[in-house]
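> Below: sequence and its predicted model.
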Amino acid sequence: MCTAFSEGFLTNVLNPKVSMFYLSAFPQFISTNEGAMNAYALVTAHSIVNFMWYSAMVFMLSRIKNLQTMLSLRSGQIQ
């Protein structure tokens with residue numbers, strides 16, 4: 001599970017689409033007279049939501065894979 005998490009994290013961090021999303025979408029939600037702290041807060045909130053979503057996906061998919069392997073072992077398909 002750690003390997004899958006690491007691969008997913010690196011894929012998301014090194015993806016240029018992510019930085020383009022931040023550069024294009026977030027300025028629309030912050031007015032010019034607001035400080036940089038609001039931008040940092042918005043990016044932090046979005047990062048936390050992404051982290052939780054991808055962690056949940058990795059956890060659920062690894063559980064499904066483990067369950068499938070266990071069922072295959074019980075039925076004698078894998079020796």
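Arrived safely, thanks for sending.
> how about low-confidence regions in this protein?
1, 77-79 (pLDDT under 70).
> Repeat the analysis, applying 80 as the threshold.
Across the chain, the ranges flagged by pLDDT under 80 are 1-2, 4-5, 12, 18-19, 22-23, 26-27, 29-30, 32, 39, 73-79.
> The residue lying closest to Phe26 once chain neighbours are set aside is in what secondary structure piece?
Distances taken as Cβ to Cβ, 6 or more residues apart in numbering place Leu42 nearest to Phe26, at 5.9 Å, with adjacent residues excluded. All C-beta spots, glycine's among them, are computed from the backbone N, C-alpha and C. Using DSSP states H and E, Leu42 maps to helix 36-75.
> how distant is that helix from the center of its chain?
Put simply, helix 36-75 sits 6 Å off its chain's centre (Cα atoms, centre = their mean, to the nearest Å).
> Show me what it is packed up against.
Using 3 or more Cβ pairs under 8 Å, 6 or more residues apart in numbering; DSSP states H and E, the elements in contact with helix 36-75 are helix 2-13.
> Skip ahead from the helix it packs on and say which helix or strand is next.
Taking DSSP H and E, what comes next after helix 2-13 is helix 16-25.
> Just want the angle from that next one to helix 2-13.
50 degrees (axes from the mean of the first three to the mean of the last three Cα atoms, to 10 degrees).
> Near the residue nearest to Phe26, how many residues? Count them for me, please.
The number of residues packed near Leu42 is 15, by other Cβ atoms under 10 Å.
> Same check on the one 3 residues further on?
A total of 10 residues lie near Ala45 under the criterion other Cβ under 10 Å.
> Give me the residue at the spatial middle of the protein.
Nearest residue to the geometric centre of the chain (Cα atoms, centre = their mean): Tyr54, 3.1 Å.
> Would you enumerate the residues in contact with the nearest residue to that one once chain neighbours are set aside?
Spatially, and ignoring its direct neighbours in sequence, Tyr54 is nearest to Gly8 (5.6 Å; Cβ to Cβ, 6+ apart). Gly8 makes contacts with Tyr54, Met57, Val58, as judged by Cβ atoms under 8 Å, 6 or more residues apart in numbering.
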